[in-house]
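1. Okay, sequence plus prediction incoming.
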Amino acid sequence: MWKLPTPVFGYVLVVDALAVVAILATAGLVPISGQAMLWCGLILAGEIVHLEAAQRIERIRELAADGRPHMHLQSIWIFAGLLLLPPPLATVVIVVSYAHSWVRVYKRRGVVHRKVFSGATVILACTAAGVVLTVGTGGHVAPYIPYLDGFGGMTALLVSGIVYFGLNYVLVILAIVMSNPGKPPRQAFGNPSDVLIVLAAVGVGCGIALVMTVRPWLLPVLMVTPVALHIGLLLPQFQAAARTDSKTSLLAPEFWVQLARNELARAAELSSTAGVLMIDIDHFKAIDDGNGHLAGDEVLRAIAAVVQNSVRGGDYVGRFGGDEFVVLLPGTTTTEIVAVADRIRAAIARIEVKVPVVRPGKPEVITGLTASIGAAVYPETATDYTILLQAADDAVFAAKEAGRDQVVLADTRSELARPEIPDVL
């Protein structure tokens, strides 16, 4: 923590201090009853069982979320505590939840101040949400569940959930942006689908709080819901990660091939067309060797971005390996695919890439990038995936032999595209 930049260090201390103030200010608002203690014990037991059941998934997610907000389903128990417990016991749930998470998930990384800061943001978010619930229930304090009735109660509950998520999210985003000034601010917002995790957590937390007030013996049965929800929501994220090239954020080669084969099969069923572009960066090895691998990686990311922005929304862009990219364009014609390829080639020529570490005698900005692009169209060029892709690859070599920085359409009359059928004796 002491190594943080001064603005970030100050921001973290202010948030932590505000959380302490919130704890002290709300400590005496509600007397702690035996019923509240029982509810607190049940919530803590549920939180512990839940995290233990999902801790392997959570460890992978939290490590992968470095530099982005980490949305976790422990908010189920925290929000249930907000609805049922006096502020001091709700704080106990938050502290135990984050301490348990640090010990079982995050301890090896040794960044205690991050967990403390995250817990502080949740305490502030719960305090703000509690104010909304108090106003929405006509001045009542925890437990709020008995007073959340009708349209007004539903509105108060929805607004409190939005405040809980929104304040916590904004506080964390600010810390991430301040800690990573060299990265695009958009990256700090994380994956939009992650928002579903917190929204689902808030909804399930409401259900658990309600069940605990009327039928607490059903809690063990409800434990299946958060664990199943955890796995159900997080597995698609792992699948997406397996389908994405980590360096360029394009489709991974294996997944692109799968999509291409499926799309060609669909084109055959519908008597439609599909185009394939193979894009090879000219003289990339010289860029990589001369400016360093970090600069080469930046070039790949820049090219991936312009290729993605140069195609249609329904086209599939993938990294095929090294400095090669592939694009599948469903329903395209020969004229259209050449136009798209020319647009990509022109966009690559306009790229300017700032070199992360400048070597002596080398420029700070890489410009003048070019690409050789091969194009092939189903079914004109070939009807088989392998032959179609090979035809596009051969067209790339033809483009390079012709001087590079150009688009070549595969010859539909080539022996490769239309393999010779042997005579039957």
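-> All right, it came through fine.
2. What residues does the closest residue to P143 other than its chain neighbours make contact with?
-> Spatial nearest neighbour of P143, chain neighbours left out: L84 (4.7 Å); criterion: Cβ to Cβ, 6 or more residues apart in numbering. The C-beta positions use only the backbone N, C-alpha and C, and glycine is treated the same way. Contacts of L84 were listed using Cβ atoms under 8 Å, 6 or more residues apart in numbering, and they are A36, W39, I43, A142, P143, Y144, I145, A209, M212, T213.
3. so where does the last one fall, helix or strand?
-> Secondary structure assignment for T213, by DSSP states H and E: helix 195-214.
4. so what secondary structure elements neighbour the host helix or strand of I173?
-> When elements are assigned from DSSP H and E, I173 belongs to helix 150-179. Packing partners of helix 150-179 (3 or more Cβ pairs under 8 Å, 6 or more residues apart in numbering; DSSP states H and E): helix 6-26, helix 75-84, helix 112-136, helix 195-214.
5. export those helices to JSON lines and tack on distance to E298 and mean pLDDT?
-> Formatted as JSON lines, the helices and strands packed on helix 150-179 follow (distance: least, Cβ to Cβ, whole Å; pLDDT from 0 to 100):
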{"stretch": "helix 6-26", "distance to E298": "25", "mean pLDDT": "94"}
{"stretch": "helix 75-84", "distance to E298": "37", "mean pLDDT": "92"}
{"stretch": "helix 112-136", "distance to E298": "28", "mean pLDDT": "93"}
{"stretch": "helix 195-214", "distance to E298": "30", "mean pLDDT": "81"}
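6. among these, which is nearest L167?
-> Between L167 and the helices and strands packed on helix 150-179, the shortest gap by Cβ to Cβ is with helix 112-136, which sits at 4.4 Å.
7. buried stuff in the closest one?
-> 114-130, 132-134, 136 (16 or more other Cβ atoms under 10 Å).
8. pLDDT averaged over stretch 55-70 - what is it?
-> Averaged over stretch 55-70, pLDDT sits at 61.
9. for the stretch 201-350 of the chain, what spans make up the strands?
-> 274-281, 316-321, 324-330 (DSSP state E, counting those that start in this stretch).
10. Now mean neighbour count too, for the ones you listed, in CSV please.
-> Formatted as CSV, these follow (neighbours: other Cβ atoms under 10 Å):
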stretch, mean neighbour count
strand 274-281, 25
strand 316-321, 20
strand 324-330, 25
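11. Quick one: closest of those strands to D393.
-> Of all the strands of the stretch 201-350 of the chain, strand 274-281 sits nearest to D393, with 5.3 Å by Cβ to Cβ.
12. still on that earlier bit, narrow the contacts of L84 to those that are buried.
-> Buried among those (16+ other Cβ under 10 Å): A36, W39, I43, A142, P143, Y144, I145, A209, M212.
13. R301: which of those residues is nearest?
-> Nearest to R301, judged by Cβ to Cβ, of the buried ones among the contacts of L84 is I43 at 44.4 Å.
14. tilt between the helix or strand containing that closest one and helix 75-84?
-> For I43, the element it lies in under DSSP H and E is helix 34-64. Per axes from the mean of the first three to the mean of the last three Cα atoms, to 10 degrees, the angle that helix 34-64 makes with helix 75-84 is 150 degrees.
15. which other helices and strands contact helix 34-64?
-> For helix 34-64, the elements it packs on are helix 75-84, helix 87-101, helix 195-214, helix 224-242, judged by 3+ Cβ pairs under 8 Å, 6+ apart.
16. what comes up buried for the third one?
-> Along helix 195-214, the positions that meet the burial threshold by neighbour count (16+ other Cβ under 10 Å) are I197, V198, A200, A201, V202, V204, G205, C206, I208, A209, V211, M212.
17. The helix holding T213 to helix 150-179, inter-axis angle?
-> Using the same axes, to 10 degrees: helix 195-214 against helix 150-179 is 140 degrees.
18. what comes into contact with helix 195-214?
-> Residues from elsewhere that reach helix 195-214 (Cβ under 8 Å, 6+ apart): 39, 42-43, 46, 71-80, 82-84, 143, 145-146, 157, 161, 164-165, 169, 218-219, 222, 225-226, 229, 233-234.
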